[in-house]
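A.B. asks: build the 3D model from these lines:
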Amino acid sequence: MAPSGRISQSVFDGSRLRVILLLDLYEGAQQQFLDAYELMRRQVASVPGHISDQLCQSIENPSQWLITSEWESAPPFLAWVNSEEHVETVKPMHSCVRDTRSMRYSILRETNPAQPQRTVPADTHVEARVGDGVARHALTFTVKPGSESKVAEILSGYQSPSAQVDENTRLRRTSLFMHGNRVVRAVEVEGDLLAALRHVARQPEVRAVEEAINPYLEQDRDLSDPDSARVFFTRAALPAVQHVVADRPAPAGLRRHALYYPAGEGRGTELARLLAQQDRDAASDPDSPVYGSTVFQRDDIVVRLIDIVGEPDLDALASLGLKGAGKPAELERLLDGAAIGVEGSLDTERNVNRLLSHADMLPVTDRSATS
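C.D. replies: Numbering: from 1, shown residues only. I've put the predicted structure just below:
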């Protein structure tokens, strides 16, 4: 039986990925840009999951360029674009590009496949996801140990910026959580996500908060410097890899929680996939307390943002759907047992329970637009 949950975002459907990068070059920077592109092209060609790329120039405005690339699926692309290697690879482009815009699309149908080997067979139709008009994204960074309470105070006390960005874009909700010295800020935007993020970054109340927390960050940044800001937001990006809600009207009194799952080295994608399956199953279960879920993942950082009915036991919620034949052992393999010193024990289920008992994140602020 097909799941009854409505999936609006997913990188785990097996579809190939088309990435579109729109660029506007500074006048006179064309050759520098072409040299930087050749360097990037040679490096990305060896990245696992990469299939092909194209460089195009506008026939109407020669300062406008387009880079498209095709990937076997979304996870290898996300691993590459969020890596330190990618940060270093694209640095030569910064000084010749006035503006950029990145878009990522799953390939659902194809009229004349050019590639003989395909992740999804030509006769397989990947089902379209049910959109809700909302884009979801998160940022994560760490603060210096011992500064957590001060940072939480700063991040919870600012005045909310205007929710309306333009006639087509609106900031719908911002949820901020902490786990130890890690901060996670998740946003929901109706319309253009990039326009909303730029709008928020320009607001004086937000800029004041960002300046106030700068002394407490583990990695220095200068948001007034475009290059420093670009590197910070690249390193802080925590993409949504799945969003699902139950296929029933939203009940009153939903509560939002965030859970942090420490993945073992190199196992973040597998763990995010396991949690995504868990939440698809939960959305199909009318007795589940989980109404909606967004799983965010970058490298070995995995965060699960859930909207639940009532106030169930969070330890049980963290392991919801992960019990049964083989599941505790699989979860133990994917989690970072060294994080709380449970490695070496022969009691798999107890190890998992101890890890998940530390999953709950501290809520700092959760703000929704009122109109």
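A.B. asks: got a list of contacts for stretch 130-137?
C.D. replies: With contacts defined as Cβ atoms under 8 Å, 6 or more residues apart in numbering, stretch 130-137 is touched by 6-9, 172, 186-193, 197, 237-240, 243, 245, 294. Heads up, the C-betas are built off the backbone N, CA and C, glycines and all.
A.B. asks: what's the span of it, first residue to last?
C.D. replies: Using Cα to Cα, to the nearest Å, the end-to-end distance of stretch 130-137 comes to 18 Å.
A.B. asks: low pLDDT regions in this protein?
C.D. replies: Judged against pLDDT under 70, the low-scoring parts of the chain cover residues 1-5, 112-126, 312-326, 337-352, 370-371.
A.B. asks: in it, which spans are helices?
C.D. replies: 30-44, 74-81, 84-94, 148-156, 193-202, 204-213, 226-236, 268-283, 314-318, 327-334, 348-356 (DSSP state H).
A.B. asks: what sits against Glu84?
C.D. replies: The contact partners of Glu84, by Cβ under 8 Å, 6+ apart, come to Arg235.
A.B. asks: with Ser293 instead?
C.D. replies: With contacts defined as Cβ under 8 Å, 6+ apart, Ser293 is in contact with Gln242, His243, Val244, Val245, Asp279, Ala282, Ala283, Arg304, Leu305, Ile306, Asp307.
A.B. asks: so what's the fourth one up against?
C.D. replies: This points to Val245. Gly5, Arg6, Ser8, Asp132, Ala283, Tyr291, Gly292, Ser293, Asp307.
A.B. asks: leaving out chain neighbours, which residue sits closest to the residue sitting nearest the centre point of the chain?
C.D. replies: Compute the mean C-alpha point of the chain, and by Cα atoms, centre = their mean the closest residue is Pro239, 0.9 Å away. Closest residue to Pro239 apart from its sequence neighbours, by Cβ to Cβ, 6 or more residues apart in numbering: Leu78 at 5.8 Å.
A.B. asks: ok, now how distant is the one you found from Leu17?
C.D. replies: For Leu78, the distance to Leu17 equals 9 Å [Cβ to Cβ, to the nearest Å].
A.B. asks: then Ala79?
C.D. replies: With distances defined as Cβ to Cβ, the gap from Ala79 to Leu17 amounts to 12 Å.
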